[in-house]
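[1] Next comes the sequence, and after it the predicted model I'd like to discuss.
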Amino acid sequence: MAAAMTPEFDLYLCGPMTGYLDYNHPEFARIAARLRDEAGLKVWSPHENGLPASATWHEHMRADIAALMRCKALATHGSWQSSRGAQIEVKLAKSLDMEVYPYQVWIPHPALRGNQKK
């Protein structure tokens, strides 16, 4: 039996990209920064998969699913339900018993900041 893989990242950031200006990069960057800065989480964002924007949807999905497998949980944002890729990622994460919540759930309330265990 193969040993279980230890996740490298806390969260995979999932949301709509296709059809958005710059593939929704500003929104992904803003949310990833909040999750990193305010929650102290290690976040994987699809815009960081190393592929050029000109790569095919299939190439991006293969890279992103590989990255999802290196994460503990998934954070959704925006109208992810209307995104074919995000639907696939959420379904896969849930099928693998990963926690899946909107990104806001992962950011602690301001009154609780500083009281978190590291």
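    Arrived safely, thanks for sending.
[2] ranges for the helices of the chain?
    Remark: helices assigned in the chain by DSSP state H are 25-39, 57-68, 84-95.
[3] what about those, which gets the closest to P16?
    Set against P16 and scored by CB to CB, the helices of the chain come closest in helix 84-95, at 6.1 Å. (Each C-beta comes from the backbone N, C-alpha and C, glycine too.)
[4] can you list contacts of the closest one?
    Helix 84-95 is contacted by residues 12, 14-18, 57, 60-61, 64-65, 68, 73-74, 76, 80-81, 100 when judged by CB atoms under 8 Å, 6 or more residues apart in numbering.
[5] Tell me the buried residues within those residues.
    12, 14-17, 60-61, 64, 68, 73-74, 76, 80, 100 (16 or more other CB atoms under 10 Å).
[6] related to what we said a few turns ago, what's the closest of the helices of the chain to I107?
    helix 25-39 (5.0 Å).
[7] which residues sit against the closest one?
    If you take CB under 8 Å, 6+ apart as the criterion, helix 25-39 is touched by 11, 13, 15, 17, 20, 41-43, 45-47, 75, 77-78, 103, 106-108, 113.
[8] Could you pull up the residues touching the residue sitting nearest the centre point of the chain?
    In the chain, the residue lying closest to the centroid (CA atoms, centre = their mean) is L13, at 1.5 Å. Taking CB under 8 Å, 6+ apart, we find L13 in contact with F28, I31, A32, L35, V43, W44, S45, P46, L74, A75, H77, Y103.
[9] Any figure for the gap between the first one and Y12?
    This points to F28. F28 sits 11 Å away from Y12, going by CB to CB, to the nearest Å.
[10] hey, what's the residue nearest to P102 when sequence neighbours are not counted bridged with?
    Closest residue to P102 apart from its sequence neighbours, by CB to CB, 6 or more residues apart in numbering: T76 at 5.3 Å. Beta bridges link T76 to C14, P102 when assigned by DSSP bridges.
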